[in-house]
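*Asks:* What follows is a predicted structure for the sequence shown.
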Amino acid sequence: MRLQAFIICLTIFAAATLSFGQTMDANLVGSIVDSSGGGIPNANVEITNQATGVKGTTKTEANGQYRFNNLPIGRYDVTANAPGFATGTRRGVELQLNQNATANITLQVGVVSSTVDVTESAATIDTTTAQLRTTFESKQIVNLPVIENANGFFGALNLSLLAPNVTSNGGVGYGTGPSVGGQRPVENNFTVEGVDNNNKGVTGPLVYVPTEATSEFTLMQNQVGAEFGHSTGGQFNTAVRGGSNEVHGTLYEYFQNRNLNAVDQSFARQGFTTNPRYDQNKMGFNLGGPLMKNRLFAFGAVEYAPFGFASTTGSPVLAPTAQGYSILNSLPGISKTNLGVLQQWVPAAPSATSSTVVNGVNVPIGILPIAGANFTNFWTGIGSIDYNKSERDQVRGRFIYNKSNALDNAANLPTFWTTLPQRFYLATISDIHTFSPSLTNEFRIGFNRFSQFYTTNNETFPGLDVFPNIQFGSDLGLQIGPNPNAPQSTVQNTYQLVDNVNWTKGKHTFKFGFDGRNYISPQFFIQRVRGDYNYTTLNVYLNDQVPDELAERNLGNTPYYGNQWATYAYATDQWRVRNNVTLNLGVRWERTTVPTTMQLQTLNSIASVPGLVDFNSPQPQNHNFAPRIGLAWSPGTSGNTSIRAGFGMGYDVIYDNVGLTNYPPQLSPTVDANTRPELYQTPFLGSGGIRPTDVVVGTGLTAEEARAATSSYIPNQVVPYSIQWNMSVQHVFRNDYTVEVRYLGTRGLTCSN
């Protein structure tokens, strides 16, 4: 661990500020030309941020081209002048997140004191890269109803469904978020202010940024430049608002409740005549402004989102009626203990809709209306600082805190619901330093922390060491017990060190990158740790037979440690072959170590079968190189049209749930009662069910016992990758009307060392 940390630090400083990319700003490029279209060399170009007043200057190259790197997103005034020409100005040039914007200016022959002022600048597009990008500005984020009316705390991320080549995740695979460019949701990558915001346990975003505090949200997809990686799906990048020279603030509330909606048919089928409770509020305020004009700016926001609702089941749940319980209590030969547990936790259905047979007797059952009171109370606090120390140095700081207290309602019956506390933190500070107009550097450190704890209420089942998960499949459709996956917990700490460098040399703009991330993530989740006992009918349960659908339990209590290092590096060359033709060449390297607990697969080496399967510690892949190539052509000199094409490949990460559900049997053996009739017979629960002492957990297993107890394993670290390509044509009509046509493709593959 110490050696890896030393190597990372040494590499960063010895490589003269290499970087990973994932920049949270924009670049501005363009050409200063005369009326005939010829480039004007050595022209002076000045940009001014309209919100903060911060300026930047540079000179054009011999071909009339200029470039500004690492600019904060926003609107800029661009002014150019040269001896013998009138000054030309484009006002309100908008730079969007992760954009390479183009702003060309034509200078007219005239005296220096005259000025040609374009007061309304046309929309800017990317004419220098093959990246496909969709950006949503703050006004869109706040005003579009898809944001606040959506369930969950995803903020501007909900807008991704409005982007081309993006669909909902229904039926396309595991993970949180949409399917982007045909990829599975697990292949998406989420960042906030350039900081890793991925749930490494089950994928998906972590920290929530309120819409009123979001400056911009950008979705990048197939394909992206070599500076972006981690995943091959969508690159979801969120920028937090900052202060400006003007004091601005907002007081707001969004709400919807049960009285605004008609009764859903799914509720009506369960006997509801009015909507169950559904009251969602998001209220908050923010304030931003200058602490020192043109130099130091601050922004702060607080949001409180109480969400009260009634949780109902997706399909009807049935239970014995009062008459049904009376009949069951009179039946001889059934387990009174099992019946007592059923009657204790499952109330009688109000009326009969059908019946089930127990020992030859028809027992009336009916729909059990389930509408338990539920809530989520979500607090968010955000702070931003932007300090323009000089024209050469800009410092940015961001801090986000989320506090969520909710009910875990994964259990079927409200009496088993528990409180679910979740906490989220994200902090970052970055410094952008300009060594010269052709060389800029961004240094960033980031920290992300997430914790959640699924608990049980210590319910007891007579004769068992723990309350199991009991389900009835055919007749009742009922689950009894706490959340089937509880208890479990997750703590994830991500430490990130990033540095970005841009160097322009003649027709070439070089970028180099390196990123080091240290994940410290203790987790606890063992499948069926309380035992899963699934019965087809109530009859099998009340006669205390071995569950005929599923009777499994995983024994052991060893936490899973997802501790690992991730290191990425890249190099790119943005080569302006001609003023309007750019070739993008790049290569990326990614290496992720094997999580600590996943390395314990070697414990089961006794189960190896020579020549067939070997149980060894998975090894990281050290040769994951991903080339990228792109071409961008902008016909003419206006910069209003961009024709682009690209080809490349990328890698995905292995999320922790893969290793978390593949413990070596010494740590968590699986016991299946249906395959051990010599040990498990009637009465099943009356004899203690599957007991913790039924399998010795340790190093004393024979080879045969180890093989029998192994349900799954990871023989090596397998990293999926994909090959991607795209073509697009984008054109600006007038000042505010942009049309883009895209074609893209992906071919997913799998590789391993």
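*Replies:* Nice, I can see it.

*Asks:* Strands of the stretch 601-750 of the chain, residue ranges please.
*Replies:* Assigned by DSSP state E, counting those that start in this stretch, the stretch 601-750 of the chain shows strands spanning 624-633, 641-651, 670-672, 718-733, 737-752.

*Asks:* If you count neighbours, what's buried in the last one?
*Replies:* Within strand 737-752, the residues that qualify as buried by neighbour count (16 or more other C-beta atoms under 10 Å) are 740, 742, 744, 746. Every residue, glycine included, has its C-beta placed from N, CA and C.

*Asks:* so where's the stretch 651-753 of the chain uncertain?
*Replies:* For the stretch 651-753 of the chain, applying pLDDT under 70 flags the ranges 695-703, 705-719, 734-736, 749-753.

*Asks:* Which of the buried residues of strand 737-752 lies at the shortest distance from residue 675?
*Replies:* For these, the minimum distance to residue 675 (C-beta to C-beta) is 41.6 Å, reached by residue 746.

*Asks:* Bridging across strands, which residues link to the closest one?
*Replies:* Beta-bridge partners recorded for residue 746 (DSSP bridges): residue 724.

*Asks:* from what I can see it touches residue 724, true?
*Replies:* Yes. Judged on C-beta atoms under 8 Å, residue 746 makes contact with residue 724 at a distance of 5.0 Å.

*Asks:* all helices for the chain, in order.
*Replies:* For the chain, the helices identified by DSSP state H occupy 2-14, 138-143, 265-268, 322-330, 336-345, 538-542, 656-660, 703-709, in order along the chain.

*Asks:* Confidence-wise, which of these is weakest overall?
*Replies:* Among the helices of the chain, helix 2-14 carries the lowest mean pLDDT, at a mean of 38.

*Asks:* on that earlier part again, among the strands of the stretch 601-750 of the chain, which is the most enclosed?
*Replies:* strand 641-651 (a mean of 22; mean count of other C-beta atoms under 10 Å).

*Asks:* Can you list the strands that that one pairs with?
*Replies:* Strand 641-651 sits in its sheet next to strand 624-633 (antiparallel), strand 718-733 (antiparallel), going by DSSP bridges.

*Asks:* Could you check how many residues crowd around residue 450?
*Replies:* Other residues near residue 450 number 23, with proximity taken as other C-beta atoms under 10 Å.

*Asks:* go on, the one 3 residues further on?
*Replies:* For residue 453, the number of neighbouring residues by other C-beta under 10 Å comes to 18.

*Asks:* before we move on, what about the one 5 residues further on?
*Replies:* Other residues within reach of residue 458 by the criterion other C-beta under 10 Å amount to 8.

*Asks:* overlap in contacts of residue 746 and residue 724?
*Replies:* The contact sets of residue 746 and residue 724 overlap at 181, 222, 232 (C-beta atoms under 8 Å, 6 or more residues apart in numbering).

*Asks:* Export the strands of the stretch 601-750 of the chain as JSON lines, with columns for distance to residue 61.
*Replies:* Putting the strands of the stretch 601-750 of the chain into JSON lines (distance: least, C-beta to C-beta, whole Å) gives the following:
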{"stretch": "strand 624-633", "distance to residue 61": "18"}
{"stretch": "strand 641-651", "distance to residue 61": "21"}
{"stretch": "strand 670-672", "distance to residue 61": "66"}
{"stretch": "strand 718-733", "distance to residue 61": "25"}
{"stretch": "strand 737-752", "distance to residue 61": "28"}
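
*Asks:* closest one to residue 204 among those?
*Replies:* strand 718-733 (17.4 Å).

*Asks:* between the closest one and strand 737-752, how many degrees?
*Replies:* 170 degrees (axes from the mean of the first three to the mean of the last three C-alpha atoms, to 10 degrees).

*Asks:* for the strands of the stretch 601-750 of the chain, which one sits closest to residue 158?
*Replies:* If we rank the strands of the stretch 601-750 of the chain by C-beta to C-beta, the stretch that ends up nearest is strand 737-752, at 21.2 Å.

*Asks:* Show me how far that closest one is from its chain's centre.
*Replies:* Distance of strand 737-752 from the chain centroid (C-alpha atoms, centre = their mean, to the nearest Å) equals 20 Å.

*Asks:* what does stretch 581-594 give?
*Replies:* Going by C-alpha atoms, centre = their mean, where stretch 581-594 is centred and where its chain is centred differ by 21 Å.

*Asks:* ok, now how distant is residue 747 from residue 405?
*Replies:* 44 Å (C-beta to C-beta, to the nearest Å).

*Asks:* what's near enough to touch the nearest residue to residue 200 once chain neighbours are set aside?
*Replies:* In space, residue 200 comes closest to residue 656 once its chain neighbours are excluded; the distance is 5.4 Å by C-beta to C-beta, 6 or more residues apart in numbering. Neighbouring residues of residue 656 by C-beta under 8 Å, 6+ apart: 200-202, 521, 523, 560, 562, 595.

*Asks:* From these, keep the buried residues only.
*Replies:* Applying a neighbour-count criterion of 16+ other C-beta under 10 Å, the buried members of those are 200-201, 521, 523, 560, 562, 595.

*Asks:* Nearest to residue 488 among those?
*Replies:* Distances from those to residue 488 were compared by C-beta to C-beta; the smallest belongs to residue 523, at 7.6 Å.

*Asks:* just checking, that closest one touches residue 201?
*Replies:* Yes. Counting by C-beta under 8 Å, a contact exists between residue 523 and residue 201, whose distance comes to 6.3 Å.

*Asks:* shared neighbours, the two?
*Replies:* A shared contact of residue 523 and residue 201, defined by C-beta under 8 Å, 6+ apart, is any residue touching both; here these are 490, 562, 656, 660.

*Asks:* Skipping its backbone neighbours, what lies nearest the last one in space?
*Replies:* Using C-beta to C-beta, 6+ apart and skipping the chain neighbours, the partner closest in space to residue 660 is residue 560 (4.9 Å).

*Asks:* Does the one you found touch residue 524 like I think?
*Replies:* Yes. With contacts counted by C-beta under 8 Å, residue 560 reaches residue 524, the gap being 6.8 Å.

*Asks:* hang on, the earlier thing: export the strands paired with strand 641-651 as JSON lines, with columns for distance to residue 410.
*Replies:* Formatted as JSON lines, the entries for those read as follows, by distance: least, C-beta to C-beta, whole Å:
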{"stretch": "strand 624-633", "distance to residue 410": "36"}
{"stretch": "strand 718-733", "distance to residue 410": "29"}
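
*Asks:* Ok, which of these comes nearest residue 310?
*Replies:* If we rank these by C-beta to C-beta, the stretch that ends up nearest is strand 718-733, at 40.6 Å.

*Asks:* Distance from that closest one to the middle of the chain?
*Replies:* 20 Å.

*Asks:* One more: stretch 357-376?
*Replies:* Computed by C-alpha atoms, centre = their mean, the separation of stretch 357-376 from the middle of its chain amounts to 38 Å.

*Asks:* buried set for that stretch?
*Replies:* By neighbour count with 16+ other C-beta under 10 Å, stretch 357-376 contains the buried residues 358, 363-372, 374-376.

*Asks:* Pipe those into CSV and attach distance to residue 29 and pLDDT per row.
*Replies:* Formatted as CSV, these follow (distance: C-beta to C-beta, whole Å; pLDDT from 0 to 100):
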residue, distance to residue 29, pLDDT
358, 77, 95
363, 76, 95
364, 76, 96
365, 71, 95
366, 70, 95
367, 65, 93
368, 65, 91
369, 63, 87
370, 59, 85
371, 58, 77
372, 57, 79
374, 52, 84
375, 51, 88
376, 45, 90
